[in-house]
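Chemist: A structural model of the following input is requested.
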Amino acid sequence: MVKRGLIICILLTATHCLKAQQYGLFNTKTLFDGFENPAQKTFVLDSSRKFASNFLLPYFGVNAASKGNSDFIRKAINENKTDLDLLPKGQKGNNTVAQNSNVYLFNLKIFNSYKYHKELGFSWQLRTDAHGNYTNETLDLLNNYQNLLTQLPGPDAFDNDGYAQSYHQFSVSYRENYTKRLAFGIKFSILSGTSYNKLNITDSELAQTGSVTNIAFRGRYLGTFINKDEVSYNTFMPNFRNPGASISLGTSYNAKSGIFIMANVKDLGFIRWNSKSYSKNINASIPLTSASGSNSTIKNIIRDSITLNPERKGFYSLTNAKVDFMLSRSFGFYTPGLILSKNLFYEGGDAAFVNKFRYENFSVTAIPTYSLDNLFFLGMQGMYQTPNFEVFIGSDNLFKTVSQAKGYFNKDAGTGKGYNGAAVYLGLGIKFGNFVEHPLNSSTMPGVGDESPSLFKRFFSIFSKKR
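Modeler: Okay, here's the model as predicted:
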């Protein structure tokens, strides 16, 4: 029987398709905007103070979704019941579960210099990415395998793939104005991997030979742990036994017409998992008959065929890098924006239309988003922001989050329609220290009198002709 806790665990810890982006925070000049989009300003001259931080009050963002078998999963979560009749029989499914989280445990931004509007930042993040594709026949196999014996499924009925990865990210970011309208930014990160598991079944079948039915599958397994005894509190603390690195590059341009353009390459990197990790090429054939035993016995046999006698060696994994592009313009209290985002190494991408409505220090943003996985969702965000304080709360998928929570607390599988999903994020930032005043207004100003050239001007000068 599929327990509710198991389904919730899959949704919350097992992304390629719905990566939590918080598009409503793009071009807001918040701390989040400054770290996620490295060319963005965080400080406002003559208004902001010199330092900005979350003061160890975590920014938190999580997004989870499942596509396919929506009624089956909704009933398992809300009523803790397994109804295999809700699964199409005798055919291959096309189902996805996905999750992503991004938590800024600490961040600090420093106004470094008036000249070129230089800003220096430091941050500590905890990130998870997970995604899985599974078939309906796999659920039958794990919950009531006798159903499969009455009508044998076709080839590749048990082809599944998925991964889950978590790591700490320690970053240094820097941005500056190249000209009055053009800016560049960079974010370099050292990564500390905490856990990784990946299973890819590429070939499977359920075939009958005489009176014996065999299930065969081939594929590959990679992981940093197999048994739950290997996982403890210390597993998820930064230790750099699994080191990695990533880089983000960004640029922004404010045209005379008022159009704002931003482009980023984010989190382009890797993690090297240590030599105590597990690796196994899977090639198994398991007898499967009505006399094979209980479902739990079959589960144990399948698990052993995947995980027993693995090779111990290190391997590399890629971070979920992406490219972003934003086009925006303000019309008084209303600021629309178009955002396109595409994953580089994994499937998935989004097209979002940001609609921000501002009144004094308050703003409300509506963000309809279309995913390349053919899902549509509506995000909403509320924010209170002054030059020295900001607080926000939002959801990338508001209606699904509300219906999912309502159905869960009411124990009602009839609440909600379509795919299952939930997303929420919140955070705050506070600025402190001296004001970053314009030199015409103050006799003391960080960076005034500093004649050192722009970092990016020095870099680009290597490509120019010498006089």
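
Chemist: low-confidence ranges in the stretch 201-350 of the chain?
Modeler: Scanning the stretch 201-350 of the chain for pLDDT under 70 picks out 289-294.

Chemist: What are the boundaries of the strands in it?
Modeler: Here the stretch 201-350 of the chain has its strands, by DSSP state E, counting those that start in this stretch, at 212-223, 243-254, 259-273, 278-287, 311-312, 315-318, 322-329, 334-343, 349-359.

Chemist: Could you do the stretch 51-200 of the chain as well?
Modeler: Secondary structure of the stretch 51-200 of the chain (DSSP E, counting those that start in this stretch): strands located at 59-67, 95-113, 118-134, 161-177, 182-209.

Chemist: and the last one with strand 212-223, angle?
Modeler: Taking axes from the mean of the first three to the mean of the last three C-alpha atoms, to 10 degrees, one finds that strand 182-209 is oriented at 160 degrees with respect to strand 212-223.

Chemist: Neighbouring strands - and their directions - for strand 182-209?
Modeler: Under the criterion DSSP bridges, strand 182-209 sits next to strand 161-177 (antiparallel), strand 212-223 (antiparallel), strand 243-254 (antiparallel) in its sheet.

Chemist: Buried residues, it. List them.
Modeler: Of the residues in strand 182-209, those buried by neighbour count under the rule 16 or more other C-beta atoms under 10 Å are 183-201, 204-206. Backbone N, C-alpha and C define where each C-beta goes, glycine included.

Chemist: And that strand, how far out from the chain middle?
Modeler: How far strand 182-209 lies from its chain's middle: 12 Å, per C-alpha atoms, centre = their mean, to the nearest Å.

Chemist: quick check: angle from that strand to strand 118-134?
Modeler: Note on geometry: by the same axes, to 10 degrees, strand 182-209 and strand 118-134 are set 10 degrees apart in direction.

Chemist: excluding its backbone neighbours, what's nearest residue 72?
Modeler: residue 86 (4.2 Å; C-beta to C-beta, 6 or more residues apart in numbering).

Chemist: Please report the distance of the one you found from residue 273.
Modeler: Residue 86 is 38 Å from residue 273, where distance means C-beta to C-beta, to the nearest Å.

Chemist: okay, those two: which has more neighbours?
Modeler: When residue 86 is set against residue 273 and neighbours are counted by other C-beta atoms under 10 Å, the residue ahead is residue 273, at 24 against 16.

Chemist: residues contacting the more buried one?
Modeler: Residue 273 makes contacts with 193, 196, 224, 242, 314, 315, 316, 317, as judged by C-beta atoms under 8 Å, 6 or more residues apart in numbering.

Chemist: Give me the most central residue, this structure.
Modeler: Per C-alpha atoms, centre = their mean, the C-alpha nearest to the average position across the chain is that of residue 100, at 3.5 Å.

Chemist: so what pLDDT did that residue get?
Modeler: Among the per-residue scores, residue 100 shows a pLDDT of 89.

Chemist: Then residue 12?
Modeler: 37.

Chemist: For the residue nearest to residue 72, give me its contacts.
Modeler: Contacts of residue 86 were listed using C-beta under 8 Å, 6+ apart, and they are 69, 71, 72, 75.

Chemist: ok, of these, which one's closest to residue 434?
Modeler: Nearest to residue 434 among these: residue 69, at 57.4 Å, using C-beta to C-beta.
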